[in-house]
Structures are given as C-alpha cells and as structure tokens.
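Visitor: next come a sequence and a model predicted from it.
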Amino acid sequence: MFGAVIHAPGDVRYEERADPIIIEPADAVVRTVAACVCGSDLWRYRGISPVPRPTPIGHEFCGVVEAVGDSVTTVTVGDFVVGGFNPSDNTCPVCRKGAHANCQHGAHYDGAQAERIRIPWADGTLVATPEPPADDLIPSILALSDVMCTGWHAAVSAGVGPGRSVAVVGDGAVGLCAVIASAQLGADVVVAMSRHEPRQRVAREFGATHVIAERGEDGAAKVRELTEGIGADCVLECVGTEDARLQAVACVRDGGNIGLVGVPHGELPVNDLFWRNVGVKGGPAHCRAYLPQLLDLVLARTINPGLVFDLELPLAEVAEAYAAMDERRAIKSLLRP
C-alpha cells in the first residue's frame, strides 16, 4: 500500500509502505475512505517539532473495516467507521471516568494518511455508522476524528453553556469547530477571532455572533466591548502558540475559564491567572466520549463541520496538501486514496 511519510521539515512523501495486519486480538484493519492533514502535523512540517527519522504521519481517518482480531465484537468487516485520533480501550478506570485521551492502555496509529490503517483497541476506538453514509457526509464524519471533537472539548472544558459569552482564539479547523460547539451548547455570544475573510464566513455559518479581526490588547478590548466591559466568560484557545495563549488570558474575564486545546508551545502566566481566579482546563480531546453524540448530529445534518475542508486532493498529492495548509492557502486539506 501507499501512504505519507515525513522525512524532514517541509519534506512529506507519498511512499510504498507495508500493508497493516492484525497484530493483537483487539486490532482491526480499516481501508481508508478519507484522511486529512492536521494543524498539529504542521509542527513537524515547519521544523518546530523534531523529525529524527522518516516517519509515517497522520491520525485522522474514516473508512471501512477490512479485518478484525479475534476479540473484537462491536465492529465487523464491512462497517463504515470513524475513530478518534487517540486510540483507547474504553474499559480502563480512566476511560470509564470519560477521560479516554488518557487511557491507561492508550496507543497510537502508525500513520493514518495511508490507504489502510491498523487500529489498536478497535472496540474502544471505532464507532460505526448505522449504514454506509452519503458521500457528501464523508467530510463531516472525517472531522469527528479530531477537529470537531477537539473544538467540543475546548467548549466543554471551559464550561460553555446557555447564557455564557465565548471568545474563540484561532480560526483554523479546531477554532472553527469550537464555534460550532459553542453554538450547539447554547452560548449567547460567540466571538470568532479571525483576520481572514474566508474563515470569517465559515465562522458565521457555524454560529459566530461576532467576528473580531484585531489582535493583542486591541482584540481584547473589542471582546470587552461585547461582554459588559469585563471579558468573555469562556475563552477557547485553539492554536497553542504563546501569543495565542496570552491572547486567551487577555480576553477572559476575572473568574472566567479558558479551554486549552492548542498543542502547547508557550507558557501561561500562572500568577496572573491565580489572582484573577481564572480556571484553565483542557488537553487532548476525549474523542471516544464525544463521538456518539457528535456522529448523531452529523448524520442528522444538524452540524456540518466538514466545511472546514476547503481543499480536497488525492492521497498521492499529500505534499501539496501540507504546503497549502502551511502557506494558509487552505484551512484544512482532505485526502482521498
């Protein structure tokens, strides 16, 4: 089979790889129908995170089950499935508390930007659709493997709900999905911070009540203008850079909450947060906990997170998929084998 391998910063190649096989009884093998490039993949592509050796890459997928191990009972060959970016067994004490991203037996994929993928802990990771989905739903189902669950996790972590004001820092796919989550959870004010008109349009379609283009203190001042002069009840930080984290701190009200889901590359001013009684919660999304509810919303066409994919390419053109996102010519690149 073929798949994506990152060799060095800026160097992602479409290469022949070994076919995945069942190794453990809890495994499954999935034929990929769609995969994509994640903003977190760009950390290695940009040289911010190391690439010590050629490595298969990618962690988002949906597809059809081709084989299952002897202990797998919840999915079967032929099922259309989606799985979160962080495999989990869904049975350990941590999973039973709903914290699947921290599963005691957690695993990783060996590169999901590929024609086939071995899925560890298939019963605890994969969720099947009731029937094969319509093709136009594939992008939104694919979004559930990471960005929609991650945006939802940001909102849940920050306590978004009816009567709350929300500011979303970051207009990439996760930030835009955090807008969906905030609207679905009933927030009264949903502010998308974006300087890019195409992304502003998507944010409004997803439920943003306001869009702010300013950054830094100017941006925080605009947020305060919309929130009784005090700042947002909930701020969702969906980037991970130090600038984005400081923007979140500047936009949140005293006694408010920050939902932190951007992969961290910077520090937080802990003393300031302490004296302001600002809560911080977040981390990798507990995808398996959120998938059933979010899949129902997608299949009912209540939400359409697949709009974040504004570029679709054959898997063989994975290098262009990365370049387009790196150069901000695309919000998120979808790949079809």
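Guide: Everything's here; your move.
Visitor: tell me the secondary structure at the closest residue to Asn86 other than its chain neighbours.
Guide: Spatial nearest neighbour of Asn86, chain neighbours left out: Ala101 (5.0 Å); criterion: Cβ to Cβ, 6 or more residues apart in numbering. Glycine gets a C-beta too; all of them are placed from N, C-alpha and C. Under the three-state scheme (DSSP: H, G, I helix; E, B strand; the rest coil), the conformation of Ala101 reads as helix.
Visitor: the stretch 201-337 of the chain: helices as residue ranges?
Guide: Applying DSSP state H, counting those that start in this stretch to the stretch 201-337 of the chain gives helices spanning 216-225, 242-251, 270-275, 287-299, 318-326.
Visitor: what's the average pLDDT for the last one?
Guide: Throughout helix 318-326, pLDDT has a mean value of 98.
Visitor: buried ones in it?
Guide: For helix 318-326, the buried set under the neighbour-count rule, 16 or more other Cβ atoms under 10 Å, comprises 318-325.
Visitor: list of residues touching that helix?
Guide: 4, 10, 12-14, 36-37, 39, 41-42, 45-46, 113, 311, 313, 329-333, 335 (Cβ atoms under 8 Å, 6 or more residues apart in numbering).
Visitor: isn't Glu66 right up against Asp27?
Guide: No. If you go by Cβ atoms under 8 Å, Glu66 and Asp27 don't touch, sitting 11.4 Å apart.
Visitor: more neighbours: which of those two?
Guide: Asp27 (22 against 15; other Cβ atoms under 10 Å).
Visitor: that one contacts Ile117, doesn't it?
Guide: No. Assessed by Cβ under 8 Å, Asp27 is found out of contact with Ile117, at 10.4 Å.
Visitor: list the contacts of His100.
Guide: 84, 86, 88, 90, 94, 124, 286-289.
Visitor: out of these, which is nearest to Thr227?
Guide: Taking Cβ to Cβ as the measure, Thr227 lies nearest His286 of the contacts of His100, at 28.4 Å.
Visitor: can you give me the pLDDT of the closest residue to the closest one other than its chain neighbours?
Guide: Leaving aside its chain neighbours, His286 sits nearest to His100 (4.4 Å; criterion: Cβ to Cβ, 6+ apart). Note for His100: predicted pLDDT of 96.
Visitor: so how far is Leu307 from His100?
Guide: 26 Å (Cβ to Cβ, to the nearest Å).
Visitor: equivalent analysis for Asp70, please.
Guide: Asp70 is 40 Å from Leu307, by Cβ to Cβ.
Visitor: ok, these two, which is more surrounded?
Guide: Legend: neighbour count by other Cβ under 10 Å for Asp70 and Leu307, higher for Leu307 (20 against 10).
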